[in-house]
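Asker: coords please:
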Amino acid sequence: YDNDTHILFLAGKGDGNIRYYEIVTEKPYFYFLAEFKSSFPQRGMGVMPKRALNTKRCEIFRFYKLHSARGLCEPVSMIVPRRSDQFQADIFPDTPGCRPSLSAEEWLSGYNRPPVLVSLRGLYNPSYTPK
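Answerer: Presented below is the predicted three-dimensional model:
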C-alpha cells in the first residue's frame, strides 16, 4: 500500500501479475486501476524506498520481483503517464524520510509521533533523460 497516493498493490506468490487499486473513502471504497502482467511467477517482492524513485519519469513505485524458476530479480516500475516535464506534486507529496521521529528510548516509553516528512522535489532533475 502506498499511503501517499492511496494505491494498493496486490501480488501473490506463484502469480506473475501485480494488480493495483485506488483506495477511496466513499463506496465502493476501491477502484481497479491497472495490472502488470507477466507469465513468470514470483517467489517474493521487494520495494524501493520512495526517495530513490525516478520522479522525472513519474515512477510512483518500484518493485523487485524475485522469479520462482529463473533465479533472477527483476525491477518492475509503476509509472503514471504524464505529458508535462514539470515536477508532479500531486503524485509526489511529502513522504516519510529516513530520519527517525523518535529515539528508541522515547518509543519504549510509549511516545508516538508522526514520521519526519521529506519532499521529493529536490530529487527532480529536469535535465536527466532516462535510457
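
Asker: direction included, what does the longest strand along the chain pair against?
Answerer: Looking across the chain with DSSP state E, the single longest strand is strand 59-67. Sheet pairing of strand 59-67 (DSSP bridges) gives strand 42-47 (antiparallel), strand 73-79 (antiparallel).

Asker: out of the ones you listed, the one nearest Tyr20 is which?
Answerer: Checking the strands paired with strand 59-67 against Tyr20 by C-beta to C-beta gives strand 73-79 as the closest, at 7.0 Å. For glycine as for every other residue, the C-beta is placed from the backbone atoms N, C-alpha and C.

Asker: downstream of the closest one, the next helix or strand is which one?
Answerer: Per DSSP states H and E, the first helix or strand lying C-terminal to strand 73-79 is strand 95-96.

Asker: name the helices or strands packed onto that next one?
Answerer: Packing partners of strand 95-96 (3 or more C-beta pairs under 8 Å, 6 or more residues apart in numbering; DSSP states H and E): strand 117-118.

Asker: so for Tyr29, which of the strands paired with strand 59-67 sits nearest?
Answerer: Here strand 73-79 is closest among the strands paired with strand 59-67 (C-beta to C-beta), at 20.8 Å.

Asker: spatially, what comes nearest to Arg113 if we skip its sequence neighbours?
Answerer: Ser101 (4.3 Å; C-beta to C-beta, 6 or more residues apart in numbering).

Asker: which residues touch that neighbour?
Answerer: 113-116 (C-beta atoms under 8 Å, 6 or more residues apart in numbering).

Asker: closest to Gly16 among the residues you listed?
Answerer: For those, the minimum distance to Gly16 (C-beta to C-beta) is 33.0 Å, reached by Pro115.

Asker: what about the closest one, which helix or strand?
Answerer: Counting by DSSP H and E, Pro115 is found in no helix or strand.

Asker: same list, the strands paired with strand 59-67, but as CSV with mean pLDDT, mean neighbour count and distance to Ala34 please.
Answerer: As requested, the strands paired with strand 59-67 are exported to CSV (pLDDT from 0 to 100; neighbours: other C-beta atoms under 10 Å; distance: least, C-beta to C-beta, whole Å):
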stretch, mean pLDDT, mean neighbour count, distance to Ala34
strand 42-47, 91, 14, 17
strand 73-79, 92, 15, 9
